[in-house]
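# quick one: sequence plus predicted model below, questions after.
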Amino acid sequence: MIVLKLGGSVITDKDRPETLDGDSLEQAADAVANALEGEPEDLVIVHGGGSFGHHNASEHGVSTIAGTHDAAAVLEIHGAMKTLNQFVLSRLLDRDVQAVPVHPFSTAHRDDSGDLELPTGQIETMLGEGFVPVLHGDVIPHTGVGATIVSGDELVAELAHDLEADRIGLCSTVPGVLDADEAVIERISAYEDVAAVLGASEATDVTGGMAAKVQALLALEAEASIFGLEGLASFLGGESPGTTIE
Ligand SMILES: Nc1ncnc2c1ncn2[C@@H]1O[C@H](COP(=O)(O)OP(=O)(O)OP(=O)(O)O)[C@@H](O)[C@H]1O
Ligand SMILES: C=C(C)CCOP(=O)(O)O
């Protein structure tokens, strides 16, 4: 079983609020549809926000730890992410991928320590019935602080652990984790080895960019890959493009 994240920075134009990168989303949808044509494996897709969600969250001062009790703010952030989710679903459906939505706001929460709780029975049932669940970064209820953001990366880590994923892939806007000379680092096994070159996202991003991604993936038992759109087909074909996090 594969857990794949389509980064918001890939499928949207992260510099322009609520703007899709239509060509990239089509390319990603093509790669997923092609991969499912042969011997289909169970696949769970998670997508990030890019220019949907991050701007809204930032305007309302909401992050993964700073919450809001304002229902209008929650609906604005959640609404932006549902709009993007609908775009992703429709591109996949156009290619006969049996994609269905899972909205974390309605299923997940954080406890008073900030730990993510994500029931997976619904997702496992979808997989068993031949659907491709498509989750997304979202705003979720958070004990004591109202509602906070959950990143697609956190959802990937949680799903990979709970569903015992064999393969984990993060498709982002960079060809992998880059070193100080902008070369792709092949393998990362300890955060300290790369901390100096890891930064936040260049665009508005309330969830921590590359540093948070690497940290979340290092905590997993299975290996994970971070790669660009050009590596997506090969990842889905069983290869390990970009950077491997072990
Ligand atoms: N060492 C690094 N190597 C590669 N990218 C880095 C590095 N340090 C910081 N970054 C930034 O991290 C970004 C990728 O993280 P980002 O969170 O924007 O990606 P995403 O998951 O595709 O998007 P989203 O969070 O919207 O879903 C890159 O575009 C780059 O700006
Ligand atoms: C900002 C929101 C609502 C989603 C964040 O998800 P990410 O783009 O995966 O970090």
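Noted; the coordinates are in hand. Ligands and ions are numbered 1, 2, ... in the order given.

# close to ligand 2, is the least confident helix or strand in the chain by mean pLDDT?
Lowest mean confidence among the helices and strands of the chain (mean pLDDT, DSSP states H and E): helix 209-218, at a mean of 89. No. Helix 209-218 lies out of reach of ligand 2 by C-beta under 6 Å from any ligand atom, never closer than 7.9 Å. From N, CA and C alone the C-beta is placed, and that goes for glycine too.

# parallel or antiparallel, list what pairs with the following helix or strand past that helix.
The helix or strand immediately downstream of helix 209-218 is strand 224-227, counting by DSSP states H and E. Strand pairing for strand 224-227, using DSSP bridges, gives strand 167-171 (parallel), strand 243-245 (antiparallel).

# of these, which is nearest ligand 2?
strand 167-171 (9.5 Å; C-beta to the nearest ligand atom).

# now the element after the closest one, going C-ward?
Assigned by DSSP H and E, the successor of strand 167-171 is strand 187-188.

# please point out which parts of the following helix or strand past that next one sit buried.
Counting by DSSP H and E, the element after strand 187-188 in chain order, helix or strand, is helix 191-194. Buried residues in helix 191-194, counted by 16 or more other C-beta atoms under 10 Å: residue 194.

# go on, stretch 29-39?
Buried residues in stretch 29-39, counted by 16+ other C-beta under 10 Å: 29, 31-33, 35-36.

# over to stretch 225-241?
Buried residues in stretch 225-241, counting neighbours by 16+ other C-beta under 10 Å, are found at 225-229, 231-233, 235-236, 240-241.

# quick check, nearest of those residues to ligand 1?
Using C-beta to the nearest ligand atom, these come closest to ligand 1 at residue 226, 8.0 Å.

# the closest one contacts residue 172, doesn't it?
Yes. Counting by C-beta atoms under 8 Å, residue 172 is a contact partner of residue 226 at 6.2 Å.

# find the residues that touch each one of those two.
By the contact definition C-beta atoms under 8 Å, 6 or more residues apart in numbering, residue 226 and residue 172 are jointly contacted by residue 213.

# can you give me the strands in the protein?
2-6, 43-47, 99-101, 109-110, 116-117, 132-136, 138-142, 146-150, 167-171, 187-188, 224-227, 243-245 (DSSP state E).

# residue 171 contacts residue 227, correct?
Yes. Residue 171 is within contact range of residue 227, at 6.1 Å (criterion: C-beta under 8 Å).

# overlap of the contact sets of these two?
With contacts taken as C-beta under 8 Å, 6+ apart, residue 171 and residue 227 have residue 235 as neighbours in common.
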